Structures are given as structure tokens and as C-alpha cells.
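# Return atomic coordinates for the entry below.
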Amino acid sequence: MQKPNPIPARLKAARKKAKITQKDLGVKIGMEQSSASGRMNHYEKGRHVPDIGTLRRMADELNVPLNYFFCDSELSAELACLIEKMSDEEKAALLASLGG
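Reported below is the predicted structural model:
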């Protein structure tokens with residue numbers, strides 16, 4: 001059984017948390033004002049999948065790591081965001097504490 005694409009739900013959650021409209025997000029990442037809302041809506045509904053460059057610009061604008069969009073669970077998504085905020089030293093210490 002194939003799992004659903006996590007990108008639409010992650011995109012919508014990050015956008016809502018950032019308190020930004022679909023149109024505003026689209027415009028901020030370089031889309032035309034006239035089509036930004038519609039294109040973002042298609043991404044959030046899963047009708048279209050953004051290319052990696054577009055996804056990277058969305059991640060930067062929404063202040064989430066790129067891998068956030070690919071997390072299957074809410075817990076993994078939250079961890080991805082927290083780990084991204086850590087310094088390299090903190091990440092190394094966490095990895096060591098986990099046996100990596």
C-alpha cells in the first residue's frame with residue numbers, strides 16, 4: 001500500500017503556522033500575483049507537486065528545513081524543525097547520544 005504524498009499537508013501546515021496566505025507565499029517565492037493563489041492551492045490540494053527549487057524557496061520563506069516537507073509523521077516533522085535550529089555541535093552531540 002502506497003503512502004500519500006506528505007508535501008500538501010506539510011505545506012499547508014507550515015503556511016498556516018507562518019500566518020501567510022497562499023497568494024502571499026506564492027508572490028514571496030517569485031510567482032506572478034495573478035496566478036500565485038491558484039498555484040499554491042494546487043500544491044496544497046496535491047493536484048501538482050512543486051519542483052525541488054520551488055519547494056526549497058517555500059521552505060526558506062516558511063522557515064522550515066527542506067526535509068520537513070517529506071516527513072510522514074507530525075513527530076518527525078517537529079523533530080526536523082527542532083534539529084535544524086541546533087548548532088552543528090548540538091547536532092553532533094545529539095547524534096552521539098543516539099549511538100550514531
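# Is residue 82 inside a helix or a strand, and which specific one?
If you go by DSSP states H and E, residue 82 is part of helix 74-84.
# can you give me the mean pLDDT across that helix?
Mean per-residue pLDDT for helix 74-84: 95.
# Can I get it in PDB, CA atoms only?
Listed next in PDB are the C-alpha coordinates belonging to helix 74-84 (Å, rounded to 0.1, in the frame of the first residue of the first chain):
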ATOM      1  CA  GLU A  74       3.900  15.000  12.700                       C
ATOM      2  CA  LEU A  75       6.500  13.900  15.300                       C
ATOM      3  CA  SER A  76       9.200  13.600  12.600                       C
ATOM      4  CA  ALA A  77       8.300  16.900  11.100                       C
ATOM      5  CA  GLU A  78       8.600  18.600  14.500                       C
ATOM      6  CA  LEU A  79      11.900  16.900  15.100                       C
ATOM      7  CA  ALA A  80      13.200  18.100  11.700                       C
ATOM      8  CA  CYS A  81      12.400  21.700  12.600                       C
ATOM      9  CA  LEU A  82      14.000  21.500  16.000                       C
ATOM     10  CA  ILE A  83      17.100  19.800  14.700                       C
ATOM     11  CA  GLU A  84      17.500  22.400  12.000                       C
END
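# Find the centremost residue of the chain, please.
The centre of the chain sits closest to residue 69, judged by C-alpha atoms, centre = their mean, with a distance of 4.0 Å.
# Report the backbone C-alpha coordinates of the lengthiest helix in the chain in CSV.
Selection of the longest helix in the chain by residue count, based on DSSP state H, yields helix 33-45. These are the backbone C-alpha positions of helix 33-45, laid out as CSV (Å, rounded to 0.1, in the frame of the first residue of the first chain):
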residue,chain,number,x,y,z
GLN,A,33,0.4,37.8,-8.4
SER,A,34,-2.4,36.8,-10.8
SER,A,35,-1.6,33.0,-10.5
ALA,A,36,0.1,32.7,-7.1
SER,A,37,-3.0,31.8,-5.1
GLY,A,38,-4.2,29.2,-7.7
ARG,A,39,-0.8,27.5,-8.0
MET,A,40,-0.3,27.3,-4.2
ASN,A,41,-3.8,25.9,-3.9
HIS,A,42,-2.9,23.2,-6.4
TYR,A,43,0.2,22.3,-4.4
GLU,A,44,-1.8,22.1,-1.1
LYS,A,45,-4.5,20.0,-2.7
